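*Asks:* Starting from these lines, generate the structure:
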Amino acid sequence: MLKVAIIGCGKIADAHASQIQRIKGCRIVGVCDREPLMARQLHDRFKVDFYTGDLEELLHVTKPDVVHITTPPDSHFGIAKRCLEAGCHVYVEKPFTLYAHEAEKLIALANERRLKVTAGHDDQATGVDDPERFIHSRDIGPHFGLTPRKYASGEIDRNGSITKAGDGAVREVLVQAALTLLTRVQRWSALKAWGMAVAKRRGLRRAIVAVARKLAIILHRMWADSTMFNWKRETVALA
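*Replies:* Residues are numbered from 1 along each chain as shown. The predicted model follows:
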């Protein structure tokens, strides 16, 4: 029997729990959330053996083989590191970590302990299956509904709210990533500097959409060119 624990008992944890319980030979032995009520509610919904608000207690009492981490992104590194140190395989919801050096440390630790660590890849982010579908990276923004609607009639020509076309799940991930970059990520980059300048001129709400659109462009270009993200300057070809 493979013993599985879930850390972070928000909405996404329900999807993890339901899928785990469908797998023969797997058992959810415990759930944990820093808000014990959230842990208890997940425990009750899925008839889990144990719940707690303390990570150390979860690891000590349940001794899981695998841990699913579904907490806010800024906590992923610390929790995953502790679980690997406790001898658990680790499945981390997207984004894996906020910084590349944190991801590298987790991978190195997993290799050292001969454990598996992975980021969650599900069918919610399959908006582009082949980068060659788009000749121009700039076309990604409209594809995911991150460009404003146009209102044009006679002498009137103005922009409205974003179209919200395409895959809503991908758009949500891009927007959340943009929000995190602008408000929580401490490290500066050309993209963050650009977004903060937009926020100063036009407000945070519009800056988030603009950065989400720019992120989509950058990610497509990285995928198409097999390149890494450049923190110091933007190398994205918009044409």
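
*Asks:* Show the average pLDDT along stretch 21-30.
*Replies:* Across stretch 21-30, the average pLDDT comes to 93.

*Asks:* Domain-wise, how is the chain divided?
*Replies:* Following automatic domain parsing, one gets these domains for the chain: 2-119, 131-225.

*Asks:* Report the rounded mean pLDDT for the shortest one.
*Replies:* What that stands for is domain 131-225. For domain 131-225, the per-residue pLDDT averages 83.

*Asks:* on that earlier part again, I'd like the domains of the chain written out as TSV, with mean neighbour count and distance to residue 231 added.
*Replies:* All C-beta atoms are positioned from the backbone trio N, CA, C, and that covers glycine. Below are the domains of the chain laid out as TSV (neighbours: other C-beta atoms under 10 Å; distance: least, C-beta to C-beta, whole Å):
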stretch	mean neighbour count	distance to residue 231
domain 2-119	18	9
domain 131-225	16	4
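
*Asks:* Would you mind saying which of these lies nearest residue 232?
*Replies:* The minimum distance between residue 232 and the domains of the chain falls on domain 131-225, with 6.4 Å, by C-beta to C-beta.

*Asks:* Run the chain-centre distance for that closest one.
*Replies:* 16 Å (C-alpha atoms, centre = their mean, to the nearest Å).

*Asks:* Quick one: list the elements packing against the longest helix seen in the chain.
*Replies:* Longest among the helix segments of the chain by residue count, using DSSP state H, is helix 204-225. Packed against helix 204-225 by the contact rule (3 or more C-beta pairs under 8 Å, 6 or more residues apart in numbering; DSSP states H and E) you find helix 140-143, helix 168-183, helix 190-202.

*Asks:* Helices along the protein, start to end?
*Replies:* So, for the chain - with DSSP H - the helices run 11-22, 36-46, 55-62, 76-85, 100-113, 140-143, 168-183, 190-202, 204-225.

*Asks:* which residues are contacting the first one?
*Replies:* Think helix 11-22. By C-beta atoms under 8 Å, 6 or more residues apart in numbering, the residues outside helix 11-22 that reach it are 4, 6, 26, 28, 31, 42, 45, 46, 48, 68, 70, 93.

*Asks:* how about a cut-off of 6 Å?
*Replies:* Identification of contacts with helix 11-22 by C-beta atoms under 6 Å, 6 or more residues apart in numbering yields 4, 6, 26, 28, 42, 46, 68, 70.

*Asks:* how far is that helix from where the chain is centred?
*Replies:* 17 Å.

*Asks:* any idea of the angle that helix forms with helix 36-46?
*Replies:* With axes from the mean of the first three to the mean of the last three C-alpha atoms, to 10 degrees defining the directions, helix 11-22 sits at 30 degrees from helix 36-46.

*Asks:* just the third one next, same as before
*Replies:* Orientation of helix 55-62 against helix 36-46 (the same axes, to 10 degrees) gives an angle of 30 degrees.

*Asks:* Packing partners of helix 55-62?
*Replies:* strand 26-32 (3 or more C-beta pairs under 6 Å, 6 or more residues apart in numbering; DSSP states H and E).
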